[in-house]
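Novice: Quick check, what structure comes out for this input:
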Amino acid sequence: MSAIQNPSDFGTSLPDELQQILAAVPELAGALVVGGCIRDFLLGLPNKDHDVEVYGVGYDALAAALSRCGQVDRVGQPFGVVKVTLASGAIYDFSLPRRELKVAKGHKGFDVIVDPNLPFREAASRRDFTINALAYDPRRRVILDPFGGLEDLRQRRLRHVSGAFVEDPLRVLRGMQFAGRFNLVVAPETAEFCRGMRESFAELAVERVRDEWMKWAQKSTVPSAGLRFLEAVGWIDVFPEVNALRGVPQDPEWHPEGDVFVHTGHCCDAMARLPGWRAADAESRATYMLAMLSHDFAKPQTTQVAERNGVLRIVSPGHEEQGGPLAEAFLQRIGVSAAIIARVVPLVVHHLAHLQTLTERGVRRLAKRLEPDNIEGLVLVMTADHMGRPPKPAVTPPTVLELLRLAEVLKVQSRAPRPILLGRHLIAAGLRPGPAFSGILSAAFEAQLEGQFEDLEGALGWLGKQGFPSAGDPAYLPDENRRGRNPEGNP
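Specialist: Next up is the predicted model:
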């Protein structure tokens, strides 16, 4: 049994201004604090979003009462929701209890019936999982737990609330990201429910699928638990690139942990433990976790037994290069943004670059190929990949440290090299702007990447050795119509 925070202490975590509103507004006598804030508090996690469900009062009366506390927004009226913005800038959602009737396929196929007099247990029965069906009564200062959510939290168990669970297929993917975020194991009866919902995946809009994967990628503490959830509930095959990893063998000397699916789970968990990942912004966390998930997508099609130095080995030659298109296809299908895909694919393609001979020239070019990401991000992927092989030591390989050292020396660890020689330098050197400029600048950048120069002085020296005609050469002399104009030829 896992320890959780003392439920009776939850009230002390509420913001003072919210406590004051709950105590001072008579119309809130039937108010309960609901939602994920209780779950997060009990797990010792930050709980910033505090939602309030109000019983025994109509919508108009609730909105009027809350208008005395701050600016009221009625945008959620069809769902019985009043949004209040306080003078401090804090925003709280106050909602009335409601029934939801399934009337059509899909996540939005519900009729909502607001009912202020609905019993709390019936209102809570529309929640997805027991750990999300908790409520706090601020007058009695107790946690209300109609479906055993507290015990499920202690057991790290993810269990559905009621038979209404099957009405919304998105709840299965919510289960995936909850499992990864909170290190939960699905209850057998919930897994059975989910297996029966497999065909309803097709009802989900791609935006909804993306949102749940993004929460998994940005917020997971044990992301492998989310992958195991998909496997346990029979939904892993709706993501064929992930499903294909199961059962793909690896050389036991290099990968004692098991098959590629097991390895991928360990790698994702290792990524979630890296300080660099935890400190990154949300988009970068998603980028590196999705790169970790997809880094071996091509192993199923490249794995073979081959002789190496007289010994039969399990190898996967070229899986990193071939993995790029597979990662791109997977991410596009689940709706991930083009900006993140553009970062993930080069990380997948180059995740073994540290095993090659490292030279300054190679590191410069690697930094360029990783754009719009960078070597620091690649180092996170390489490190997590290496750490995902228990019981081997979870350390950063020396080759990865050397790659980072070289990148820092060359000042390309956080961004690709930028061209030193620019068009204005060519003009200052006496060359007239024209079609030839792009070729000269391209050749200059190639020379820079090759290490032929490292600063502007060196770039100009390189330029002088190339034999390009200067402004004094006949081919570059301005005609009578260009006299008196600037080097660009503008009036």
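
Novice: and the closest residue in space to Gln452 that isn't next to it in sequence, what does it touch?
Specialist: Leaving aside its chain neighbours, Gln452 sits nearest to Trp462 (5.8 Å; criterion: C-beta to C-beta, 6 or more residues apart in numbering). To be clear about C-beta, it is placed using only N, CA and C from the backbone, and glycine gets the same treatment. Residues near Trp462 by C-beta atoms under 8 Å, 6 or more residues apart in numbering: 421, 444, 447, 452-453.

Novice: Does the closest residue in space to Asp455 that isn't next to it in sequence fall in a helix, a strand, or a coil region?
Specialist: Spatial nearest neighbour of Asp455, excluding adjacent residues (C-beta to C-beta, 6+ apart): Ile420 at 6.7 Å. Following DSSP: H, G, I helix; E, B strand; the rest coil, we place Ile420 in the coil state.

Novice: So for the residue most central in space within the chain, what's the pLDDT?
Specialist: Nearest to the centroid of the C-alpha atoms of the chain, with distances taken as C-alpha atoms, centre = their mean, sits Ala286, at 2.2 Å. If you check Ala286, the pLDDT there is 98.

Novice: how about the contacts of Trp462, which pair is most distant?
Specialist: Maximum pairwise distance in these, criterion C-beta to C-beta, is 11.0 Å, between Leu421 and Gln452.

Novice: More neighbours: these two, which one.
Specialist: The neighbour count for Leu421 versus Gln452, taken as other C-beta atoms under 10 Å, is higher for Leu421 (22 against 15).

Novice: what sits against the more buried one?
Specialist: Residues near Leu421 by C-beta under 8 Å, 6+ apart: 441, 444-445, 448, 456, 459-460, 462-463.

Novice: surely Ala447 meets Gly458?
Specialist: No. With contact defined as C-beta atoms under 8 Å, Ala447 does not reach Gly458; the gap is 9.4 Å.

Novice: Got the domain ranges for this structure?
Specialist: 7-156, 169-238, 245-418, 423-482 (automatic domain parsing).

Novice: Between the two ends of the first one, what distance do you get?
Specialist: Between the start and the finish of domain 7-156 there is a gap of 16 Å, counting by C-alpha to C-alpha, to the nearest Å.

Novice: Do me a favour and average the pLDDT over it.
Specialist: On average, domain 7-156 scores 92.

Novice: same thing with the last one?
Specialist: Averaged across domain 423-482, the pLDDT comes to 80.

Novice: Ignoring the adjacent residues along the chain, who's closest to the residue nearest to the centre of the chain?
Specialist: Ala217 (4.2 Å).

Novice: which residues touch that neighbour?
Specialist: 223, 285-286, 289-290, 293.

Novice: And the furthest pair within these?
Specialist: Greatest spatial distance among those (C-beta to C-beta): Arg285 and Leu293, at 12.5 Å.

Novice: who's more crowded, those two?
Specialist: With neighbours defined as other C-beta under 10 Å, Arg285 and Leu293 compare such that Leu293 has more, 29 against 22.

Novice: Is the more buried one in contact with Thr264, as I believe?
Specialist: Yes. Applying C-beta under 8 Å as the test, Leu293 and Thr264 come out as touching, 6.4 Å apart.

Novice: quick one: common contacting residues for the two?
Specialist: With C-beta under 8 Å, 6+ apart as the test, Leu293 and Thr264 both reach Val242.

Novice: Next, the contact list for Gln322, please.
Specialist: Neighbouring residues of Gln322 by C-beta under 8 Å, 6+ apart: 298, 301-302.

Novice: From those, which land in helices?
Specialist: Of these, the ones assigned to helices by DSSP state H are 301-302.

Novice: Out of the contacts of Gln322, who's the most crowded?
Specialist: Neighbour counts for these peak at Ala298, which has 24 neighbours (criterion: other C-beta under 10 Å).

Novice: List the contacts of that one.
Specialist: 316, 318-323, 326.

Novice: Next, the buried residues of stretch 11-24.
Specialist: 11, 13-14, 18, 21-22 (16 or more other C-beta atoms under 10 Å).

Novice: For those, which two are the farthest from each other?
Specialist: The span of those, defined through C-beta to C-beta, is set by Ser13 and Ile21 at 15.7 Å.

Novice: the helices in the stretch 351-491 of the chain, which residues?
Specialist: 360-370, 375-387, 398-409, 423-428, 436-449, 456-464 (DSSP state H, counting those that start in this stretch).

Novice: same deal with the stretch 1-150 of the chain?
Specialist: Using DSSP H, counting those that start in this stretch, helices in the stretch 1-150 of the chain cover 16-24, 36-42, 59-66, 120-124, 149-154.

Novice: any idea how far Arg333 is from Leu290?
Specialist: Taking C-beta to C-beta, to the nearest Å as the measure, Arg333 falls 13 Å from Leu290.

Novice: Give me the more crowded residue out of those two.
Specialist: Just comparing Arg333 and Leu290: by other C-beta under 10 Å the higher neighbour count belongs to Leu290, 27 against 14.
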